[in-house]
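*Asks:* Got a sequence here, can you build the structure:
(2 chains)
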Amino acid sequence: ILNVEQSPQSLHVQEGDSTNFTCSFPSSNFYALHWYRWETAKSPEALFVMTLNGDEKKKGRISATLNTKEGYSYLYIKGSQPEDSATYLCARGTGANNLFFGTGTRLTVIP
Amino acid sequence: DGGITQSPKYLFRKEGQNVTLSCEQNLNHDAMYWYRQDPGQGLRLIYYSQIVNDFQKGDIAEGYSVSREKKESFPLTVTSAQKNPTAFYLCASSPTGYQPQHFGDGTRLSIL
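*Replies:* Predicted structure coming up:
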């Protein structure tokens, strides 16, 4: 079992604040690290797939970094907006692209 | 629009009954997956298929069965052997390789 841990479990931020969450995973036999955003009543939506140590990905105000040697990834949101409210999931991918998910970080952005 | 369709949205099972959850995709993806979500836990892999007529067990396959007779379809049967079937079930698909998975809207299964 490839345990993936996410922190914090939940957080509330004010609109305009920047925030970040952590995903930690076993560093051995690494293939890929996925980030998804899951809004209430919708299906999870892929944000990033990262495969190389030192990878940095960006999509609008959201960015992610990856450290495979120490087994962690950070997701950053700059200038949070109410529409960013969602649960953010990270998952470690296997060689067969199966995913082992963390329990997620639930973000609430207060207008 | 391309996507994944899961049906039904809500399903109720009687004790001792088998039920089948439907998952159809028109994304032309080779790989398909079934996950289960329980409160306070991450999504857990039940079964996956990387090609038609082939599938493998995930972490929690006991009490479930699948088939992959067509590329577009990957139905999941929850059998009476699954003692705790109440959960939210998500189907996903992806191209081969380290690609993001695309998810359906899910089916919520409850026991009567």
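
*Asks:* ok, A:Phe30 to A:Thr22 distance?
*Replies:* 17 Å (Cβ to Cβ, to the nearest Å). Using the backbone N, CA and C atoms, a C-beta is placed for each residue, glycine as well.

*Asks:* Name the residue in those two with the higher neighbour count.
*Replies:* A direct count of neighbours by other Cβ atoms under 10 Å in any protein chain shown for A:Phe30 and A:Thr22 places A:Phe30 higher, at 19 against 15.

*Asks:* Tell me who's in contact with the more buried one.
*Replies:* By Cβ atoms under 8 Å, 6 or more residues apart in numbering or on different chains, the contact list for A:Phe30 reads A:Thr68, A:Gly71, A:Arg92.

*Asks:* quick one: contacts for the residue nearest to the spatial centre of chain B?
*Replies:* Chain B has B:Trp34 as the residue nearest its centroid, 3.1 Å off, counting by Cα atoms, centre = their mean. Shown in contact with B:Trp34 (Cβ under 8 Å, 6+ apart): B:23, B:45-48, B:58, B:64, B:66, B:74, B:76, B:89-92.

*Asks:* just checking, it is part of a helix?
*Replies:* No - assessed with DSSP: H, G, I helix; E, B strand; the rest coil, B:Trp34 is strand; it does not lie in a helix.

*Asks:* neighbours around the residue nearest to it when sequence neighbours are not counted, how many?
*Replies:* Once flanking residues are discounted, B:Trp34 sits nearest to B:Ile46: 4.3 Å by Cβ to Cβ, 6 or more residues apart in numbering or on different chains. Counted with other Cβ under 10 Å, residues neighbouring B:Ile46 total 26.
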